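> quick one: sequence plus predicted model below, questions after.
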Amino acid sequence: MMEQIVVLGFAGSLRRGSYNKGLLRAAAELMPKNAKLEIFDLEGIPLYNQDFESDMPARVKEFKEKIRRADAILIATPEYNYSFPGVLKNAIDWASRPPGGNAFEGKPVAVMSASIGMLGGARAQYHLRQVLVSLNMHPINKPEVIVPLAGEKFDDKGRLIDAKTRDKIRELLESLIEWTIRIKGLEGRP
């Protein structure tokens, strides 16, 4: 039997009760059988400083290595001030540097977002997609997982309880795995 497809997931939030971290936990439960989700917490990644590119902090090295080993990427992002958060941009900057050291190069990627607002992080997703394309990643276009009024869709333990959202996440994951198989030429995997 072939290995499972490895998807690395991370959320653009450091908050313990983050709805976007909740989306990742739900994704871990909903992964297709031929794939597994490894979740990485961005906590501990220092602010990007080009002076340290030649000797990156240990947490950054760990993040870049997990990206390189993954077959695909799954990002869950909140929306702050009409865009994705600085913590996510900072992590992306570290992982894509120095020139020639872009760990994201050629990776299939899916994006989802949750927000307490009516737009569910849609604006953050659009900005993030621009960055991902500039890194030569291959984003999934559909389905879009945009979760508005997130406070109503999670229970008090942070578990996603909205059935429609869970179905959309399942569809997104299936699309990501199919896309990964196509892009990476992994047709022989189960």
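Yep, that arrived.
> what about the nearest residue to Val109 once chain neighbours are set aside, neighbour count?
Among residues not flanking Val109 along the chain, Ile73 sits closest, at 4.3 Å (CB to CB, 6 or more residues apart in numbering). For the C-beta atoms, the positions are set from N, CA and C on the backbone; glycine is no exception. Look at Ile73: counted by other CB atoms under 10 Å, it has 25 neighbours.
> use 59 as the first number for this chain going forward.
New numbering, starting at 59: the last item is Ile131.
> helix or strand right after the helix or strand hosting Ile131?
Assigned by DSSP states H and E, Ile131 belongs to strand 130-135. For strand 130-135, the following helix or strand on the C-terminal side (DSSP H and E) is helix 144-153.
> so that next one versus strand 130-135, what angle?
Angle of helix 144-153 versus strand 130-135, following axes from the mean of the first three to the mean of the last three CA atoms, to 10 degrees, is 150 degrees.
> mean confidence for the following helix or strand past helix 144-153?
As assigned by DSSP H and E, the chain's next helix or strand after helix 144-153 is strand 166-172. Strand 166-172 comes out with an average pLDDT of 98.
> can you list contacts of strand 166-172?
77-78, 80-81, 85, 129-137, 178-180, 182-183, 186-187, 190, 195-198, 203-205, 208, 211, 227, 230-231, 233-234, 237-238, 241-242 (CB atoms under 8 Å, 6 or more residues apart in numbering).
> among these, which ones are buried?
77-78, 80-81, 85, 129-137, 178-179, 182-183, 186-187, 190, 195-198, 203-205, 208, 211, 227, 230-231, 233-234, 237-238, 242 (16 or more other CB atoms under 10 Å).
> show me how far stretch 157-164 is from its chain's centre.
The chain centroid and the centroid of stretch 157-164 are separated by 16 Å under CA atoms, centre = their mean, to the nearest Å.
> and stretch 119-127, by the same measure?
Per CA atoms, centre = their mean, the centroid offset for stretch 119-127 relative to its chain is 14 Å.
> flag every buried residue along that stretch.
Going by neighbour count (16+ other CB under 10 Å), the buried part of stretch 119-127 is Phe121, Lys122, Lys124, Ile125.
> hmm, the residue nearest to Val167 is touching Leu82, no?
No. Judged on CB atoms under 8 Å, Ile131 makes no contact with Leu82 at a distance of 11.7 Å.
> residues contacting the nearest residue to Met170 once chain neighbours are set aside?
In space, Met170 comes closest to Val203 once its chain neighbours are excluded; the distance is 3.6 Å by CB to CB, 6+ apart. Taking CB under 8 Å, 6+ apart, we find Val203 in contact with Leu81, Val169, Met170, Ser171, Thr223, Lys226, Ile227, Leu230.
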